[in-house]
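Novice: here are the coordinates; sequence isn't available:
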């Protein structure tokens with residue numbers, strides 16, 4: 001999980017897959033996952049920014065936004081559609 005034996009470019013994230021009767025999208029479910037991971041004897045010792053589906057989702061969203069920006073910056077196809085608003 002720390003990326004020492006099998007390092008990955010973007011690292012690892014630890015999530016808890018819900019049981020079939022727990023599959024819903026409520027804040028309580030996210031809290032259950034967070035409580036499980038942070039309270040776990042092993043997982044609780046890891047970097048908290050890499051524990052849980054919410055943290056993974058944020059990281060994936062940020063990476064996707066970065067990839068879109070890079071693609072738009074390097075492609076003339078998208079440049080006419082990029083609006084530049086004054087700050």
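Specialist: Great, that's in hand. Values in this document were obtained by computation on a predicted structure and should not be read as measured data.
Novice: report the contact partners of the residue nearest the centre of the chain.
Specialist: When CA atoms, centre = their mean is applied to the chain, the residue found nearest the centroid is residue 56 (2.0 Å). Shown in contact with residue 56 (CB atoms under 8 Å, 6 or more residues apart in numbering): 13, 15, 50. Every C-beta, even on glycine, is put in place using the N, C-alpha and C of the backbone.
Novice: in contact with the last one, which residues?
Specialist: When you say that, I think you mean residue 50. Taking CB under 8 Å, 6+ apart, one finds 11, 12, 13, 14, 56 in contact with residue 50.
Novice: next: the first one.
Specialist: Shown here is residue 13, whose contacts under the criterion CB under 8 Å, 6+ apart are 50, 51, 52, 55, 56, 59.
Novice: that one and residue 37, how far apart?
Specialist: 10 Å (CB to CB, to the nearest Å).
Novice: quick check: neighbours shared by the two?
Specialist: 51, 52.
Novice: just the contacts of residue 13: which are in helices?
Specialist: 55, 56, 59 (DSSP state H).
Novice: how close does the first one sit to residue 45?
Specialist: Applying CB to CB, one obtains 16 Å for the distance of residue 55 from residue 45.
Novice: returning to what we had before: can you redo the ones in helices among the contacts of residue 13 as a markdown table with pLDDT and distance to residue 30?
Specialist: Formatted as a markdown table, those follow (pLDDT from 0 to 100; distance: CB to CB, whole Å):
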| residue | pLDDT | distance to residue 30 |
| --- | --- | --- |
| 55 | 90 | 10 |
| 56 | 91 | 12 |
| 59 | 92 | 15 |
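Novice: need those residues in TSV (columns: distance to residue 28).
Specialist: Listed next are the ones in helices among the contacts of residue 13 as TSV, based on distance: CB to CB, whole Å:
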residue	distance to residue 28
55	17
56	19
59	23
